[in-house]
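> Sequence and predicted structure, then a few things I'm wondering about:
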Amino acid sequence: MKDKNLEKLNSPEEKFHFLSRRNFMKGLGMGGVVLLSSPMSFARSGVSGGKITFGIISDVHADLQPDAKQRLEIFMERCMRVKPDFIIQLGDLHHGPGMKDMLEIWNRFPGDRFHVLGNHDMDHMSKADVVREQGMSGPYYSYDRGGYHFVVLDANHCVKDGKMYDNNHGNYYSAEKRDMVSPEELEWLREDLRKAVKPSILFSHEAFDDVWQGETSPSKMDVRQVIREANGGGGKKVIACFCGHHHVDHHMVIEDVHYVQINSASYYWVEEAQGFSNGHMAEYKDPLFAFVTLDPANRFISIKGEQSKFKPPVPNGKTCPNADKIFPCIKNRRIHY
């Protein structure tokens, strides 16, 4: 059923505020609890402030990857066995047309489910529509689970002719600058972290670290400055940032904050060569995803990732200049913070 009040709103920002307020009011009607995702709790240990485990997957790319649905099905089957406290996907779940089928699979998980917006999610849709259809409280938001504070960021703003605008209906491709965080969102992040009393983890699609593969977000220094301020008050608030987008497995430390890039569930994009699936896609034989366990008592982050192989043809020095840096896996890691 269409909401006439929503249809009267013009800008994506107005729609986001309307939807957030409506979700809040619905929450009040359910006993004062605001539910930002699934209302059914599948959690085990996280609610008590102890260890917490979440399932994470990124860049499945329905509408481009032929077996995207099957890859997400495998992730979901594993989640049903592992029973993480929540699951999150880091964007590019689809390119628009395939969203309905992917959400049908995603929403089978009976616990908390969270989304991050990816640049390609808006190839054929507006950001406001993707936010609404995916059941998100907004393009960026935060929540607490167990002993941790989690922040989901939206780095899907573009600049052209000196004006910043939302990534909508593929306008991303004609932008002069893209993959940016808006000034309003940066101020929101600064205030959100100021209020946070638990160790914080940031999720985004685009990267705020430094990586050999492609350009990271032009807003990375601004985001790092906000993190620096949050961590400069006598205790470290932000301990890690997780992202997708680059389709690589990568970990680095910047100013004592761990930056982890989660590999694509489906493929590595070989820009320089042809001959792969769809011209540029060096596909992974099996879907990649990971389960991350956070332990506040011992201060560690444990990542248990999937390992796979490339489907033929396997990238090499002739077909892919960076063949020695790409791996069809998400490496197991134990990170102390």
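Yes, it's here. Predicted model, so just to flag it, every value in this text is computed and none were measured.

> I'd like to know how many residues surround residue 224.
18 (other CB atoms under 10 Å). Every residue, glycine included, has its C-beta placed from N, CA and C.

> Could you find the closest non-adjacent residue to it?
Of all residues not flanking residue 224 in the chain, residue 208 sits nearest, at 6.4 Å (CB to CB, 6 or more residues apart in numbering).

> who touches that neighbour in this structure?
Contacts for residue 208 were tallied using CB atoms under 8 Å, 6 or more residues apart in numbering; they are 155, 202, 216-217, 219-220, 223-224, 241, 243, 259.

> By neighbours, which of those wins?
When neighbours are counted by other CB under 10 Å, residue 155 leads those with 31 neighbours.

> Is it in a helix, a strand, or coil?
Classification of residue 155 by DSSP: H, G, I helix; E, B strand; the rest coil places it in coil.

> is it true that it touches residue 179?
Yes - with contacts defined as CB atoms under 8 Å, residue 155 counts as touching residue 179 at a distance of 5.3 Å.

> hey, what's in contact with both of these two?
Common neighbours of residue 155 and residue 179 (CB under 8 Å, 6+ apart) are 206, 217, 219.

> does residue 286 really touch residue 308, like I thought?
Yes - in this structure, residue 286 is within contact of residue 308 by CB under 8 Å, at 4.0 Å.

> Those two - which one has more neighbours?
For the pair residue 286 and residue 308, the greater number of neighbours falls to residue 308 (18 against 15), based on other CB under 10 Å.

> Provide a list of residues in contact with that one.
Contacts of residue 308 (CB under 8 Å, 6+ apart): 284-288, 328-329.

> of the residues you listed, buried ones?
Among the contacts of residue 308, those scoring as buried are 284, 287-288, 328-329 (criterion: 16 or more other CB atoms under 10 Å).

> can you confirm residue 218 is in a helix?
No - looking at residue 218 with three-state DSSP, it is coil, so not inside a helix.

> What is the lowest-pLDDT residue among the contacts of residue 208?
On pLDDT alone, residue 216 ranks lowest of the contacts of residue 208, at 89.

> how near is that one to residue 337?
Distance of residue 216 to residue 337, given as CB to CB, to the nearest Å: 21 Å.

> Then residue 253?
For residue 253 relative to residue 337 (CB to CB), the value is 10 Å.

> Neighbour count for these two, which is higher?
More neighbours surround residue 337 than the other of residue 253 and residue 337, with 18 against 12 (other CB under 10 Å).

> Contact partners for that one?
By CB under 8 Å, 6+ apart, the contact set of residue 337 is 199, 236, 239-240, 258, 299-301.

> do that again at 10 Å, thanks
The neighbourhood of residue 337, defined by CB atoms under 10 Å, 6 or more residues apart in numbering, consists of 199, 201, 236, 238-240, 253, 256-258, 294-296, 299-301.

> Tell me which helix or strand residue 150 sits in.
Following DSSP states H and E, one finds residue 150 within strand 148-152.

> contacting residues for the spatially closest residue to residue 99 that is not a sequence neighbour?
Excluding its sequence neighbours, the residue lying closest to residue 99 (CB to CB, 6+ apart) is residue 133, at 6.2 Å. The contact partners of residue 133, by CB under 10 Å, 6+ apart, come to 96, 99-100, 103, 115, 121, 125.

> Could you export the strand holding residue 150 as PDB, CA atoms only?
What follows is strand 148-152, C-alpha atoms only, in PDB (Å, rounded to 0.1, in the frame of the first residue of the first chain):
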ATOM      1  CA  TYR A 148      30.000  -3.100  21.300                       C
ATOM      2  CA  HIS A 149      28.700  -0.100  19.400                       C
ATOM      3  CA  PHE A 150      28.300  -0.500  15.600                       C
ATOM      4  CA  VAL A 151      28.100   2.300  13.100                       C
ATOM      5  CA  VAL A 152      26.900   1.900   9.400                       C
END
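
> who does it pair up with?
Taking DSSP bridges as the criterion, strand 148-152 forms sheet pairs with strand 141-145 (antiparallel), strand 200-203 (parallel).

> hang on, the earlier thing: so for residue 286 and residue 308, which residues contact both of them?
Shared contacts of residue 286 and residue 308, defined by CB under 10 Å, 6+ apart, are found at 265, 328-329.

> Out of the strands paired with strand 148-152, which gets nearest to residue 63?
Of all these, strand 200-203 sits nearest to residue 63, with 22.6 Å by CB to CB.

> Of all the residues in that closest one, which ones are buried?
Residues of strand 200-203 classed as buried by neighbour count (16+ other CB under 10 Å): 200-203.
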